[in-house]
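**Q** Got a sequence here, can you build the structure:
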Amino acid sequence: MKTIIGIIKDHVEWRSQIFKLAKSDIIKTYSGAALGWSWMFISPAINIFVFWFAFSIGLKQGSDVPGYSFLLWLLPGYVPWFFMNSMLSGGAGVLRKYSYLVTKVKFPISTIPTFVGLSKIAVHIILMAIVVLIFVIHGKYPDIYYLQIPIYMALMRFAFTMWSQFSSMLAAISKDFLNLVKAMTTAVFWMSGIIWNIDKIDDSQLPWLKTVLMFNPVTYFATGYRNCMVYKKWIWDEPIQFLCFMTTVVVVIILSIWVNRKLVKVIPDVL
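**A** Now for the predicted structure:
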């Protein structure tokens, strides 16, 4: 409890600096290149085009959902991945990236993943606005189910900020752990149902697999965004999925608090 109170206190006392550093992180990410802020859109667009072309044109495996093309099915599940990917691998390395805040400025360690998460979610909001615009161009207008999107955004930011709280401290102590996280990120992408439909899993052969995947937050959010924009489902329509997701989040919170209590005083010396 003392650790939790300390983390909350740090966030309250340093709240203005957190927002300033989040803004600085966005600027730093896209500055220094000739195209600058355009890379916020160019990189996702290239990735989306490659997967659309590979599955729809090349492999011809991009089956449409009734009323929705493969592109419209792909976008709501794939765009959140850009945020989750940046927080999975990048979030694990934030203390090494911003080591000067720990060693020179004495900035509270627990707030560093927070401002990084804020900067990444701001970019995600812009990208999702573009996705909604693409849906409108294709004649799919926002409806009441879209009201759930901000809820998924908030849950996603919180879950992956907690992951960053946990993983960044371990990565600061062990570079091998950071390398392991980076290596596993690709596996997480391909196994999470971002570019393939988890509903096509044969329950007769693998009756447990779909439930196991729901413990994966990446799967939960890719499915959740599609439920809002394609399948038209409410969060409470699939309570087991939500329960599995929250179980994972609670475990990560417990681990992040435990790691913080054990390592917070050691990390400045290591960095």
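
**Q** quick one: average pLDDT of stretch 156-175?
**A** For stretch 156-175, mean pLDDT is 90.

**Q** which residues sit in contact with Thr185?
**A** Thr185 is in contact with 85, 88-89, counting by C-beta atoms under 8 Å, 6 or more residues apart in numbering. Where C-beta positions appear, they are placed from N, C-alpha and C, glycine not excepted.

**Q** Most neighbours among these, which one is it?
**A** Leu88 (22 neighbours; other C-beta atoms under 10 Å).

**Q** Surely that residue touches Ala159?
**A** No. Judged on C-beta atoms under 8 Å, Leu88 makes no contact with Ala159 at a distance of 11.0 Å.

**Q** count of residues packed around Asn216?
**A** 17.

**Q** Now the strand or helix carrying Phe19: average pLDDT?
**A** Using DSSP states H and E, Phe19 sits in helix 15-30. If you average the pLDDT over helix 15-30, you get 78.

**Q** Show me how far the helix or strand where Ala159 lies is from its chain's centre.
**A** Taking DSSP H and E as the definition, one finds Ala159 inside helix 149-173. Remark: helix 149-173 is offset 8 Å from the chain centroid, using C-alpha atoms, centre = their mean, to the nearest Å.

**Q** Who are the packing partners of that helix?
**A** helix 70-85, helix 91-92, helix 94-97, helix 112-137, helix 175-191, helix 217-226, helix 239-263, helix 267-270 (3 or more C-beta pairs under 8 Å, 6 or more residues apart in numbering; DSSP states H and E).

**Q** any idea of the mean pLDDT for the second one?
**A** For helix 91-92, mean pLDDT is 83.

**Q** contacts for it?
**A** By C-beta under 8 Å, 6+ apart, helix 91-92 touches 113, 116-117, 160-161, 163-164, 167-168, 170-171, 177-178, 181-182.

**Q** just the buried members of those?
**A** 113, 116-117, 160-161, 163-164, 167-168, 170-171, 177-178, 181 (16 or more other C-beta atoms under 10 Å).

**Q** Which of those residues sits closest to Tyr98?
**A** Of all the buried ones among the contacts of helix 91-92, Tyr98 sits closest to Val116, with 8.0 Å by C-beta to C-beta.

**Q** I figured that closest one hits Ala22, correct?
**A** Yes. Val116 is within contact range of Ala22, at 7.5 Å (criterion: C-beta under 8 Å).

**Q** Spell out for me which residue occupies the centre of this protein.
**A** Residue closest to the average C-alpha location in the chain (C-alpha atoms, centre = their mean): Met84, at 2.1 Å.

**Q** burial count for the closest residue in space to Met84 that isn't next to it in sequence?
**A** Distances taken as C-beta to C-beta, 6 or more residues apart in numbering put Val218 closest to Met84, at 5.4 Å, once the chain neighbours are dropped. Applying other C-beta under 10 Å, we find 24 residues neighbouring Val218.

**Q** Check Val218 and give its pLDDT.
**A** 92.

**Q** Repeat that for Val250.
**A** So Val250 comes in at 93 (pLDDT).

**Q** Now for Ser69: which residues touch it?
**A** His138.

**Q** mind checking how far it is from Ala54?
**A** Going from Ser69 to Ala54 by C-beta to C-beta, to the nearest Å gives 15 Å.

**Q** least trustworthy helix or strand in the chain by mean pLDDT?
**A** One helix or strand of the chain scores below all others by mean pLDDT, DSSP states H and E: helix 39-52, with a mean of 71.

**Q** where does the stretch 101-250 of the chain have low pLDDT?
**A** For the stretch 101-250 of the chain, the stretches with pLDDT under 70 are 202-207.

**Q** For the closest residue to Val249 other than its chain neighbours, grab the count of nearby residues.
**A** In space, and not counting its chain neighbours, Val249 is closest to Ala159: 5.1 Å by C-beta to C-beta, 6+ apart. For Ala159, the neighbour count with other C-beta under 10 Å is 23.

**Q** All set now, cheers.
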